[in-house]
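1. prediction below, plus the sequence it came from.
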Amino acid sequence: MTSAGPGRPRSQQPSRPGATARDEILDAAAELFTTQGFATTSTRSIADAVGIRQSSLYHHFKTKDDILEDLLEGTVLAGLEFARAVAALPPAEGEAASRLHAVALYDGTQLCSARWNLGILYHLPEARSGRFTRFLADRQELRNLYRELGAGLSPAVTAASWQSSPGDLAFRLVESLINLRADGMATPESPLQAADAGLILCGLAADLPAIREQGAALIARLG
C-alpha cells in the first residue's frame, strides 16, 4: 500500500508522472480540463483518475478553481522568469532582436513541450475573472516584458511592424502556438518558426542567422 500524502493511503502504485500526490492531481486535472472541459470535470473524476479518494484530494486543493489556478500559473512562470532574466541583462549583452527572439523561442517551447496543452484554458471565461488575478498579472507582466524588449529595436524596425509593437507582435505569435497545437499541427520546429516570424515581419529576415545564434546562446546561459 502506498501513501498519497495527507489523507488516506491508496492501494495501488502511482500511475501518473509527479513526485507527489499533488503533482499527480495536477496532471490528472490538466488532462481532464483539456480533453473533457473544465465545467464538466468534477473533483471526483480527478480523484478517480489519480486513484485516490475525493476527500484526499481536498487535503491538497480546497476547490476546483484552486487546481485551475495552479495549472494556469504553470503555463507562464517559466517563460516569465526567463524573460525577467533577459530583460535584466546589461545593454551590452546581446542585441535587442536576439533578446526578443530568445524570449519568444523559450516561451513557445514551454507551451509546445508541456505534457498537456494548457494554454487553451486561457479562453475559459473563468480564467479571466478576478479569482485568477495572480495568473492574469503574471501573464500581463510577461507581455509587458515582450513589449519592453521589442521597444529596444531600431525605429525603422518598429515602423515596419504595422500598428503593433514588435514585442506585442512576438507575444501574439507565440500564443498562436496554443491553437496550432490544439489543431494537431504543431511540430518540433513550431516554436522556432514563431520566434522567427516575429522578426521577419519586422524586416529582420536578413539578420536572422546571427539573431538565432545569439538568442540560442542566451537560452543556453539563462534557460
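-> That came in fine, so what should we check first? Residues are numbered from 1 along each chain as shown.
2. residue nearest the centroid of this protein?
-> T75 (3.1 Å; C-alpha atoms, centre = their mean).
3. flag every buried residue along the helix or strand hosting that one.
-> Assessed by DSSP states H and E, T75 sits inside helix 64-87. For helix 64-87, the neighbour count (16 or more other C-beta atoms under 10 Å) marks 64, 67-72, 75-76, 78-80, 82-83, 85-86 as buried. Every C-beta, even on glycine, is put in place using the N, C-alpha and C of the backbone.
4. tell me which of these is nearest to T40?
-> Taking C-beta to C-beta as the measure, T40 lies nearest K64 of the buried residues of helix 64-87, at 11.2 Å.
5. list the contacts for R212?
-> Contacts for R212 (C-beta atoms under 8 Å, 6 or more residues apart in numbering) come out as 101, 192, 196.
6. in this protein, which helix or strand is least confident?
-> helix 155-160 (a mean of 58; mean pLDDT, DSSP states H and E).
7. ok so, going back, just checking, what packs against the helix holding T75?
-> Helix 64-87 sits against helix 21-35, helix 43-50, helix 96-113, helix 133-151, helix 208-222, with contacts defined as 3 or more C-beta pairs under 8 Å, 6 or more residues apart in numbering; DSSP states H and E.
8. so how far is it off the chain centroid?
-> Taking the mean of its C-alpha atoms, helix 64-87 sits 6 Å from the chain's own mean (C-alpha atoms, centre = their mean, to the nearest Å).
9. so it versus helix 133-151, what angle?
-> 20 degrees (axes from the mean of the first three to the mean of the last three C-alpha atoms, to 10 degrees).
10. count the neighbours of the closest residue to L57 other than its chain neighbours for me.
-> Spatial nearest neighbour of L57, chain neighbours left out: A47 (4.5 Å); criterion: C-beta to C-beta, 6 or more residues apart in numbering. When counting by other C-beta atoms under 10 Å, one arrives at 21 neighbours for A47.
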